[in-house]
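Engineer: Could you look at this predicted model? Sequence included:
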Protein chains: 2
Amino acid sequence: MPTRTVAQHRDEERREFESFLAQCPSRDLLGTLGSKWVTLVLAALGHGALRYNEILRRIAGISPKMLTQTLRTIERDGLATRTVTPTVPVTVEYRLTPLGNDLLAIILDLKTWAETHVRIIQTARQAYDHPPRNA
Amino acid sequence: MPTRTVAQHRDEERREFESFLAQCPSRDLLGTLGSKWVTLVLAALGHGALRYNEILRRIAGISPKMLTQTLRTIERDGLATRTVTPTVPVTVEYRLTPLGNDLLAIILDLKTWAETHVRIIQTARQAYDHPPRNA
DNA sequence: CCGCATCCTAGGTGATACTG
DNA sequence: CAGTATCACCTAGGATGCGG
């Protein structure tokens, strides 16, 4: 009857919380948005439909692999559609869905907030990293 | 004068884009929010100041290490303050700053959006993962 | 009570080369 | 043109144990 049960209890709590987190819609969204390229691709598509290589050129730092991966993610979530036109060679076009456009609006709100407060945050960071000498 | 310059050009573009990303306030914010625990801690502190162990108990799945790390992050960004009361043993209290409260509001907006649209997204995912047999 | 140091693992990310 | 395959890396995150 020792501390064993306590540890077990904590472990159980942890697992429950983990599965709770896994199902949490906001956590999920944050995870998606947090991935490096998703927001950039959404923003690129915000101006209208684009073809694979157009996006690749527009986002200078992305690799083909990551672009594909990112596109698959947002396509899977119903944020964009993928249209294949069987020309030779094939033409593939990506376009934001209404849902994607809606999310993009939210992202832009976030962007606005970030740009508005970036100064304050940077100041806070400097103060934190270089604490004043006196005390 | 071969393809060398082309490759160099691409590399340069890439580096420029990287440094651009590194300085982008929204990317920075997304990175912070995307980290697993930041939003949860902010939410926990949204109800009022809490002590270290109170947060630890409130967020069942977090480890002490990650809690400390997370708290340092949000403290550094000026989102919360850390107050040490030299009792024995010491009491450490964390409290959201106005900036932190402001950001929390944005997060809650995001949460609302996520919860509103989670159904649609899940449906899209199922359709994507189990494509209809016909064509 | 609060936190740091150390070690470790897993997955997200990237470079490169190849294919239908 | 629009991807896929493979390898390698790096850092976020978890486990554990010690210190003020």
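Structural biologist: That came through, no problem. Residues are numbered from 1 along each chain as shown, chains lettered A, B, ... in the order given.
Engineer: For B:C24, see how far away the residue most central in space within chain A is.
Structural biologist: Centroid-nearest residue in chain A, with CA atoms, centre = their mean: A:L33, separated by 1.4 Å. As for A:L33, its distance to B:C24 is 14 Å (criterion: CB to CB, to the nearest Å). Any C-beta I mention is one placed from the backbone N, CA and C, and that applies to glycine too.
Engineer: Surely the residue nearest to the centre of chain A is within a helix?
Structural biologist: Yes: assessed with DSSP: H, G, I helix; E, B strand; the rest coil, A:L33 lies in a helix.
Engineer: per-residue pLDDT, it?
Structural biologist: pLDDT for A:L33: 93.
Engineer: My read is that it contacts A:T39, right?
Structural biologist: Yes: with contact defined as CB atoms under 8 Å, A:L33 counts as touching A:T39 (6.0 Å).
Engineer: Return every residue with contacts to both of the two.
Structural biologist: When contacts are counted by CB atoms under 8 Å, 6 or more residues apart in numbering or on different chains, A:L33 and A:T39 are jointly contacted by A:107, B:30.
Engineer: just the helices in chain A please.
Structural biologist: Secondary structure of chain A, counting by DSSP state H: helices at A:4-23, A:25-34, A:38-45, A:52-58, A:64-76, A:98-129.
Engineer: Of these, flag the one that's most buried.
Structural biologist: When you average the neighbours per residue for each of those (mean count of other CB atoms under 10 Å in any protein chain shown), helix A:38-45 leads with a mean of 22.
Engineer: Near DNA strand C, which residues of chain A? Just list them.
Structural biologist: Proximity of chain A to DNA strand C, by CB under 7 Å from any atom of the strand, involves residues A:34-37, A:61-66, A:89-90.
Engineer: quick one: which of the residues you listed is nearest to B:E12?
Structural biologist: Taking CB to CB as the measure, B:E12 lies nearest A:G61 of the residues of chain A next to DNA strand C, at 11.2 Å.
Engineer: Report the contact partners of the closest residue to that closest one other than its chain neighbours.
Structural biologist: Setting aside the residues directly before and after it, A:G61 is nearest to B:F17 in space (CB to CB, 6 or more residues apart in numbering or on different chains), at 3.5 Å. The contact partners of B:F17, by CB under 8 Å, 6+ apart, come to A:59-61.
Engineer: now do 10 Å
Structural biologist: With contacts defined as CB atoms under 10 Å, 6 or more residues apart in numbering or on different chains, B:F17 is in contact with A:40, A:59-62.
Engineer: before we move on, the earlier item: any residues in contact with both of A:L33 and B:C24?
Structural biologist: Residues touching both A:L33 and B:C24 by CB under 10 Å, 6+ apart: A:39, B:30.
Engineer: Can you read off the pLDDT for the residue nearest to A:T39 when sequence neighbours are not counted?
Structural biologist: Nearest non-adjacent residue to A:T39, counting by CB to CB, 6+ apart: A:I107, 5.5 Å away. On pLDDT, A:I107 comes in at 94.
Engineer: Hmm, A:I107 is touching A:V38, no?
Structural biologist: Yes: with contact defined as CB atoms under 10 Å, A:I107 counts as touching A:V38 (9.1 Å).
Engineer: Can you pull the residues that touch both of these two?
Structural biologist: The contact sets of A:I107 and A:V38 overlap at B:L30 (CB under 10 Å, 6+ apart).
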